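J.: A predicted structure for the sequence below; I have some questions about it.
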Amino acid sequence: MAPFVTLSPHKDFFTTDDGRPFFWLADTWWYALTDRALWPHPFQEMVEKRVRQGFTVAMVVVGVPPEVPLYSSEANSDGQHPFLQDFRPNPLYFDAIEKKVVFMIEHGLVPCLVGGWGHQMDSVGEERFSLFWKEIIRRFSKYPVVWCLTGEVDIGTPSLHPSYSFLKQVVSRLPEPVKVSLRTLKHSLFIRPLISTPVTSERVSQQILSWKKVAEALKDEDKTNKLLLVHPNTQQASSAILGQPTWLDVDSIQSGHDPGSRLFMVSEAYQRSKQKIFVNLEPIYEGILGNDDPELQRYAFWMSILAGAKGHSYGADGLWNMRTADQFLSHWGSTVWNEALQRPGAEQLGKAIKWLEESVEWWTLQPSLNAITPHWNSTQESIHLPLCAKTANGTIVCYFPKKRQAKYYVWNDVSKVELTWIDPCTMTLVESPHYLIDGQEHRYDLSGTQSDLLLIAKPVQSS
């Protein structure tokens with residue numbers, strides 16, 4: 001059974017209602033409550049697999065998911081659309097999705113319920129979205145769920161970006177080898193500039209203001225005090241986009257689907273987690289835009305956690321949108337859902353969270369920038385340098401990315417520790433790299449290693 005999730009007394013990590021630390025490891029299923037994820041299968045298969053792997057949260061949209069028109073049948077559940085005429089909530093739709101929410105909870109997965117998508121405010125309006133959220137609260141506040149106000153709160157209406165819409169149509173008709181190249185080109189030329197540019201549009205600013213008013217109404221309506229998050233679009237933290245509201249329980253970013261966003265991803269985790277509990281709600285999805293290397297998933301996970309995040313979100317292209325042979329939303333990729341469910345990155349992150357829960361007091365990890373030299377630094381483009389963090393009891397965890405920016409790494413801690421090297425793919429012990437002693441310096445030569453690595457340093461108690 002999934003636990004009720006809240007924050008620790010100092011609001012610096014997630015806990016269960018009985019006080020146990022709770023690690024947020026979410027999978028992203030924007031279309032899981034629609035008929036694209038049929039009940040009972042494949043929906044139950046998805047839940048059972050992710051629970052076995054160690055995932056604790058699933059992000060699902062209650063309402064109309066992204067990248068389809070508001071009255072699209074792709075939003076239907078059991079044939080029922082989320083909205084009736086005039087955008088009133090449809091009771092039959094809520095009846096249909098409740099069984100899915102309950103199944104997740106009964107199997108140990110906390111649903112993070114996302115109440116629509118940012119640009120939909122332009123059509124639905126503040127009053128109707130407040131009513132829609134009132135129905136979400138009425139139906140689900142008795143369950144152990146988390147609220148996410150909306151997806152991409154600061155995204156503009158798609159019609160405002162004709163170049164993007166046109167390219168989507170063109171790409172969908174091309175042969176797959178051409179699509180692979182154009183997907184990456186599309187992201188560089190059209191998507192990345194949109195997500196990295198701060199919001200200046202008066203229309204989008206008004207949209208954000210309307211969502212803030214919906215959030216305030218939500219907080220007044222919800223007597224159970226569920227955690228409230230907001231999923232951003234542009235490369236800004238949700239706290240910055242929304243003006244540091246008191247009702248925002250968890251800060252977050254969407255670092256996005258470009259490997260080039262890694263410095264932003266880690267720097268934001270390092271800076272934002274100093275003020276508020278922080279989670280990256282949308283790092284690069286595995287397999288999206290041809291990015292199939294699971295090392296990207298390990299990098300996003302370990303660098304974020306060691307930089308200060310207290311949870312992490314995963315996504316797999318083809319699964320977030322439940323793609324089938326119809327090639328739904330194929331401008332992002334071509335993988336169908338059942339193949340995406342088997343991607344290795346999810347299994348590897350599941351092993352990582354199980355290791356953390358069994359081996360270290362992960363909820364006390366704080367960045368330790370002096371443990372290794374050279375080391376990651378938020379003030380320079382050092383995305384391939386290691387990042388370390390230390391627990392309250394002195395255990396240090398260091399992640400070394402696959403690509404090396406240096407040959408030798410010096411261990412600076414002079415206290416007596418037991419050093420262990422771990423393969424982050426399997427979370428099993430590996431042979432120590434060549435160990436050198438140069439005067440008082442303890443150096444590791446990693447030039448012969450071919451993968452990313454974890455170094456664990458545990459204090460040795462004096463006899």
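T.: Sure thing, it's come through. Residues are numbered from 1 along each chain as shown.

J.: CA atoms for contacts and neighbours, from now on please.
T.: Noted.

J.: what domains does the record give for this structure?
T.: 5-359, 368-459 (automatic domain parsing).

J.: Please tabulate these in CSV, including the columns mean pLDDT and mean neighbour count.
T.: Listed next are the domains of the chain as CSV, based on pLDDT from 0 to 100; neighbours: other Cα atoms under 10 Å:
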stretch, mean pLDDT, mean neighbour count
domain 5-359, 92, 20
domain 368-459, 88, 17
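
J.: So the residue nearest in space to the middle of the chain: helix, strand or coil?
T.: Geometric centre of the chain, nearest residue: residue 313, 2.5 Å, by Cα atoms, centre = their mean. In three-state terms, and counting by DSSP: H, G, I helix; E, B strand; the rest coil, residue 313 is strand.

J.: which strands and helices sit next to the strand or helix carrying residue 350?
T.: With elements taken from DSSP states H and E, the one containing residue 350 is helix 344-359. Other helices and strands packing on helix 344-359, by 3 or more Cα pairs under 8 Å, 6 or more residues apart in numbering; DSSP states H and E, are helix 43-53, helix 295-307.

J.: Contacts for that helix, please.
T.: Under the criterion Cα atoms under 8 Å, 6 or more residues apart in numbering, residues 23, 25, 53-55, 286, 294-295, 297-298, 301, 314, 362, 424-427 lie in contact with helix 344-359.

J.: okay, the angle between it and helix 43-53?
T.: Interaxial angle of helix 344-359 relative to helix 43-53 (axes from the mean of the first three to the mean of the last three Cα atoms, to 10 degrees): 40 degrees.

J.: where do the helices sit along this protein?
T.: Applying DSSP state H to the chain gives helices spanning 43-53, 91-106, 121-124, 126-140, 162-172, 176-186, 192-196, 202-221, 238-242, 262-272, 295-307, 337-340, 344-359.

J.: Generate TSV for those helices, with distance to residue 29 as supplementary columns.
T.: As requested, the helices of the chain are exported to TSV (distance: least, Cα to Cα, whole Å):
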stretch	distance to residue 29
helix 43-53	10
helix 91-106	12
helix 121-124	21
helix 126-140	18
helix 162-172	21
helix 176-186	21
helix 192-196	21
helix 202-221	22
helix 238-242	20
helix 262-272	21
helix 295-307	17
helix 337-340	10
helix 344-359	13
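
J.: Quick one: closest of these to residue 368.
T.: Nearest to residue 368 among those is helix 295-307; the distance by Cα to Cα comes to 8.6 Å.

J.: If you count contacts, what does that closest one end up packed against?
T.: Helix 295-307 sits against helix 262-272, strand 311-314, helix 344-359, strand 366-367, strand 387-390, strand 396-400, with contacts defined as 3+ Cα pairs under 8 Å, 6+ apart.

J.: Need these in TSV (columns: distance to residue 148).
T.: Below are those laid out as TSV (distance: least, Cα to Cα, whole Å):
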stretch	distance to residue 148
helix 262-272	19
strand 311-314	13
helix 344-359	22
strand 366-367	26
strand 387-390	29
strand 396-400	30
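
J.: Indicate which one of these is closest to residue 231.
T.: Closest among the helices and strands packed on helix 295-307, using Cα to Cα: strand 311-314, at 11.5 Å.

J.: residues in contact with that closest one?
T.: With Cα under 8 Å, 6+ apart, strand 311-314 has contacts from 23-28, 278-286, 297, 301, 304-305, 346.

J.: Alpha carbons only: can I get that strand in CSV?
T.: Extracted C-alpha coordinates of strand 311-314, given in CSV (Å, rounded to 0.1, in the frame of the first residue of the first chain):
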residue,chain,number,x,y,z
GLY,A,311,14.1,12.7,-5.3
HIS,A,312,14.2,12.2,-9.0
SER,A,313,11.8,11.7,-12.0
TYR,A,314,12.4,9.3,-14.9
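
J.: how much space between residue 375 and residue 273?
T.: Taking Cα to Cα, to the nearest Å as the measure, residue 375 falls 19 Å from residue 273.

J.: hang on, I meant residue 449
T.: Distance of residue 449 to residue 273, computed by Cα to Cα: 32 Å.

J.: what do you get for residue 292?
T.: From residue 292 to residue 273 the distance is 29 Å (Cα to Cα).
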